[in-house]
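**Q** Quick one: sequence plus predicted model below, questions after.
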There are 2 protein chains.
Amino acid sequence: MADMARWEPDARERLVLAAMDLFAEQGYDATTVVQIAERAGLTKSTFFRHFPDKRQLLVAGQDALSRLLAEGIREAPPDAAPLEAVAAGLRRAAGAMTPFNRQLAPRFKAAVAANAELQERDALKRVGMATAMTEALAGRGVPGPVARVAAELGVLAFKQGYATWSADGEPDELLTATLSALDELRDAAARMS
Amino acid sequence: MADMARWEPDARERLVLAAMDLFAEQGYDATTVVQIAERAGLTKSTFFRHFPDKRQLLVAGQDALSRLLAEGIREAPPDAAPLEAVAAGLRRAAGAMTPFNRQLAPRFKAAVAANAELQERDALKRVGMATAMTEALAGRGVPGPVARVAAELGVLAFKQGYATWSADGEPDELLTATLSALDELRDAAARMS
């Protein structure tokens, strides 16, 4: 487990944390790159060494998450059932989370709550996660409808686990909460017919 | 069944159809209210009698869809199983579709394909549909996880039915394709455990 007390964010992470705080306080549109850099105690040119623009600062982490989920699914044992492969994807994604992600979670939540633009982007992230998992499952030979349902259960489980983790914040809790949500959703799916 | 040959769009519908064509051709951001009115053969002041702005033109139909889905679920027989209530919601939404919606479907698809902004909005619509159905199911006393899964199956079924309908376009096909997708997804859900 990472030692939270000793962790210090690097420049890129400080920029993301500062941006989220400003988005929550004054809105996404009203926040400039200069303000983000200032809040992070860095220069504008440091910002542009890390991100081409304000929008890209949001996209980078989302793409990484979809990639981790898909990797975990692809590398699950060949005989794993579809939902076991989804659990492997969730394990991969949760395992890659750092103290930075944990610092980010409540800030990101506050920023999304305050900004319609970020709500749309968050909804798109959700669709991106579902698509990445559906395609990774299809690559394992899982039939279309089963892949789509398993991927949606994975998205719901991650969302629920992430919400628990953002609120309570024990480092190991993301994986525990996510997998326990997935179990609950699997039982719910079994009650559909 | 509506007689397609005799159907003529009213002013509001002409504005929406013209807007979608322009969004697909030249992008959402680059399209002005004046251009939309001109393409529809109407004046700018007619536009503003129907919509406060360009953005609202997109939101209106999406809100109506979520409302219909929720209504159908709420008014399903008290003893209906969760997924039967979802089917009732889908029936209500599909039954409210007019020749206008059928004209709109392929244009909307083209507009979304050409615009990142509309993809985000479409993703948000998806989340809105899921939330509306989850809440309507919760109002019937359906437990949280079952409500969430049933709502996601409903969204996937509607999305699939709508895609089939946009492509082929037989008026009755939306309901048939949506309910058949829901059946298939229910069977897939049963294979999760």
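**A** Cool, got the structure. Residues are numbered from 1 along each chain as shown, chains lettered A, B, ... in the order given.
**Q** Helix or strand for the most centrally placed residue in chain A, just tell me which one.
**A** In chain A, the C-alpha nearest the mean C-alpha coordinate belongs to A:Leu65, at 5.2 Å (C-alpha atoms, centre = their mean). In this structure, A:Leu65 sits in helix A:54-74 according to DSSP states H and E.
**Q** do the same with A:Ala138
**A** Using DSSP H and E, A:Ala138 maps to helix A:116-139.
**Q** and the angle from that helix to helix B:116-139?
**A** When axes from the mean of the first three to the mean of the last three C-alpha atoms, to 10 degrees is applied, the directions of helix A:116-139 and helix B:116-139 differ by 80 degrees.
**Q** contact partners of helix A:116-139?
**A** Contact with helix A:116-139 is made by A:23, A:28-29, A:58, A:62-63, A:65-67, A:69-71, A:73-74, A:82, A:85-86, A:89, A:111-112, A:144, A:146-148, A:150-152, A:154-155, A:158-159, B:119-121, B:123-124, B:126-127, as judged by C-beta atoms under 8 Å, 6 or more residues apart in numbering or on different chains. C-beta: built from backbone N, CA, C; applies to glycine.
**Q** Are any of these buried, and if so which?
**A** Among these, those buried by neighbour count (16 or more other C-beta atoms under 10 Å in any protein chain shown) are A:23, A:28, A:58, A:62, A:65-66, A:69-71, A:73-74, A:82, A:85-86, A:89, A:111-112, A:146-148, A:150-152, A:154-155, A:158, B:119-121, B:123-124, B:126-127.
**Q** For the residue lying closest to A:Pro82 once chain neighbours are set aside, give me its contacts.
**A** Closest residue to A:Pro82 apart from its sequence neighbours, by C-beta to C-beta, 6 or more residues apart in numbering or on different chains: A:Ala150 at 4.2 Å. When contacts are counted by C-beta under 8 Å, 6+ apart, A:Ala150 touches A:82-83, A:85-86, A:133, A:137, A:142, B:192.
**Q** tell me the SS of A:Ala150?
**A** Following DSSP: H, G, I helix; E, B strand; the rest coil, we place A:Ala150 in the helix state.
**Q** same deal with the one 5 residues further on?
**A** Each residue gets one of three states, and A:Val155 gets helix by three-state DSSP.
**Q** Residues of chain A that sit close to chain B?
**A** Proximity of chain A to chain B, by C-beta under 8 Å from any C-beta of the partner chain, involves residues A:82-83, A:119-121, A:123-124, A:126-127, A:143, A:145-146, A:148-150, A:152-153, A:156, A:184-193.
**Q** let's see 7 Å
**A** Residues of chain A lying close to chain B (C-beta under 7 Å from any C-beta of the partner chain) are A:83, A:119-121, A:123-124, A:126-127, A:145-146, A:148-150, A:152-153, A:156, A:184-186, A:188-193.
**Q** any idea how far A:Ala94 lies from A:Trp165?
**A** Using C-beta to C-beta, to the nearest Å, A:Ala94 is found at 9 Å from A:Trp165.
**Q** Now list whatever residues contact both of the two.
**A** Residues touching both A:Ala94 and A:Trp165 (C-beta atoms under 7 Å, 6 or more residues apart in numbering or on different chains): A:Leu174.
**Q** Please give me every residue in contact with the residue nearest to A:Glu71 when sequence neighbours are not counted.
**A** Once flanking residues are discounted, A:Glu71 sits nearest to A:Arg92: 5.8 Å by C-beta to C-beta, 6+ apart. Each residue near A:Arg92 by C-beta under 7 Å, 6+ apart is listed here: A:68-69, A:71-72.
**Q** May I have the secondary structure class of A:Pro78?
**A** The three-state assignment at A:Pro78 reads coil, by three-state DSSP.
**Q** what's around it, how many residues?
**A** Residues lying near A:Pro78 (other C-beta atoms under 10 Å in any protein chain shown) number 7.
**Q** same question, the one 5 residues further on
**A** Here the neighbour count serves as a burial measure; for A:Leu83 (other C-beta under 10 Å) it reads 24.
**Q** So it is in contact with B:Ala188, correct?
**A** No - between A:Leu83 and B:Ala188 there is no contact under C-beta atoms under 7 Å: 11.0 Å.
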